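In: Next comes the sequence, and after it the predicted model I'd like to discuss.
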Amino acid sequence: MTFIMSARSLTRLDQAALRAAQRLEDGHPDCATAGTTPPTASFATAESARRMLRRTLRLKPWVAIASRSDEAHPLADDAIGRAFRLRLSSGAAAREFLAAYDGNRRLALSIIGACPQCGAQVPTVYIKSLADYGNWLRLGPSLGESAHFRTSPAHQGGCPIPHQPLNTPA
């Protein structure tokens, strides 16, 4: 049986992510990875994307993760299939993620957030661990970007972001 997260549970997830990010900053490498390599299969499934999010955020098996095809983003460059939009809900609050292949053909998770220029909901940064999610909560747009951030068709028509150079951390 699966359960929708309560607002309190989503807050606890955010707090755990912030603690993991702080531990990583303090030099504890155990927070740096989810412990597994993302799949490189030709075709990802919604179930494999949900499993990856569950493993990355260390979610319990009973936590419900809604998934649907993302109409705006392809699964990979020049692919026919659509990426997956994953959602953790807790009443009015929710967190959304995009599961799509990165430039290395590995299934990657990006946090969906508001574009700082146009406000559209676009893939912001890749996350590979709970600490990455915590860093996004703390630092947001100052992190390195998901490759999908600049190329996302979800940006509003006049948004300058798709025409700017990629911002990645050194």
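Out: Arrived safely, thanks for sending. Residues are numbered from 1 along each chain as shown.

In: Enumerate the positions of the strand or helix carrying L86 that are buried.
Out: L86 is located in strand 82-90, with elements delineated by DSSP states H and E. Judged by neighbour count using 16 or more other Cβ atoms under 10 Å, the buried positions of strand 82-90 are 83-86, 88-90. C-beta here means a position set from N, CA and C on the backbone, and glycine is covered the same way.

In: which helices and strands sit right next to it?
Out: When contacts are defined as 3 or more Cβ pairs under 8 Å, 6 or more residues apart in numbering; DSSP states H and E, strand 82-90 packs onto helix 7-25, helix 46-56, strand 66-74, strand 93-101.

In: Do me a favour and average the pLDDT over the second one.
Out: Per-residue pLDDT values over helix 46-56 give a mean of 90.

In: Give me the neighbour count for the closest residue to P61 other than its chain neighbours.
Out: Residue nearest to P61 in three dimensions, not counting chain neighbours: R54, with 7.4 Å by Cβ to Cβ, 6 or more residues apart in numbering. For R54, the tally of surrounding residues (other Cβ atoms under 10 Å) stands at 17.

In: one step back: redo the buried residues of strand 82-90 as a markdown table? Include distance to I65 and pLDDT.
Out: Below are the buried residues of strand 82-90 laid out as a markdown table (distance: Cβ to Cβ, whole Å; pLDDT from 0 to 100):
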| residue | distance to I65 | pLDDT |
| --- | --- | --- |
| A83 | 15 | 85 |
| F84 | 10 | 90 |
| R85 | 11 | 92 |
| L86 | 6 | 93 |
| L88 | 6 | 89 |
| S89 | 9 | 81 |
| S90 | 12 | 72 |
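
In: Nearest to N135 among the residues you listed?
Out: Nearest to N135, judged by Cβ to Cβ, of the buried residues of strand 82-90 is L88 at 17.7 Å.

In: what's the neighbour count on the residue nearest to that closest one when sequence neighbours are not counted?
Out: Spatially, and ignoring its direct neighbours in sequence, L88 is nearest to R95 (4.7 Å; Cβ to Cβ, 6+ apart). Look at R95: counted by other Cβ under 10 Å, it has 20 neighbours.

In: Who are the contact partners of R95?
Out: 10, 13, 87-88, 111 (Cβ atoms under 8 Å, 6 or more residues apart in numbering).
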